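Chemist: okay, here's the prediction I keep looking at, along with the sequence it came from:
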Amino acid sequence: MTDLIAVYTTVSNGEQAKLLVSAAIESNLAACVQSEPIRSTYRWQGQIERQDEIRLLFKTTRPAYPKLEKLLLELHPYELPAIFAMPVCAASLEYTQWVKSACQQ
């Protein structure tokens, strides 16, 4: 197990994605962020919703997570954003070092 984690969230559009991505990278809270269009289906306030979204994957470290989560919650446009982290079980040594270096405070 490494100190690397993958943090996911979704937003509605490119401008929202750009705001979160830029803030995380500029604050050294993520080494890289990938974005991709997705289609989400979920229940919200008793209704089934279907929405085009952009999924963001922040490549970061466990020590950086609390600050990244705080930043995302402050800037996220959703009332109840899904923000969750998944452990990276293994990664190359060089890549791990790069992520750790990029996320140092």
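Modeler: Looks like it arrived, so ask away.
Chemist: may I have the host helix or strand of Thr9 exported as PDB, CA atoms only?
Modeler: Assigned by DSSP states H and E, Thr9 belongs to strand 4-11. C-alpha atoms of strand 4-11 as PDB (Å, rounded to 0.1, in the frame of the first residue of the first chain):
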ATOM      1  CA  LEU A   4      -1.200   7.700  -2.900                       C
ATOM      2  CA  ILE A   5      -4.900   8.100  -3.200                       C
ATOM      3  CA  ALA A   6      -7.400   8.800  -5.900                       C
ATOM      4  CA  VAL A   7     -10.000  11.400  -5.000                       C
ATOM      5  CA  TYR A   8     -13.200  11.500  -7.000                       C
ATOM      6  CA  THR A   9     -16.000  14.100  -7.400                       C
ATOM      7  CA  THR A  10     -18.300  15.200 -10.100                       C
ATOM      8  CA  VAL A  11     -19.500  18.600 -11.400                       C
END
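Chemist: for the very next helix or strand once past that strand, packing partners?
Modeler: Using DSSP H and E, the helix or strand that follows strand 4-11 towards the C-terminus is helix 14-26. Packing partners of helix 14-26 (3 or more C-beta pairs under 8 Å, 6 or more residues apart in numbering; DSSP states H and E): strand 4-11, strand 32-44, strand 47-61, helix 65-75. The C-beta positions use only the backbone N, C-alpha and C, and glycine is treated the same way.
Chemist: if I pick the residue nearest to Phe84 when sequence neighbours are not counted, what's in contact with it?
Modeler: Spatial nearest neighbour of Phe84, chain neighbours left out: Tyr8 (5.8 Å); criterion: C-beta to C-beta, 6 or more residues apart in numbering. Tyr8 makes contacts with Arg55, Leu56, Leu57, Phe58, Ala82, Ile83, Phe84, Ala85, Met86, as judged by C-beta atoms under 8 Å, 6 or more residues apart in numbering.
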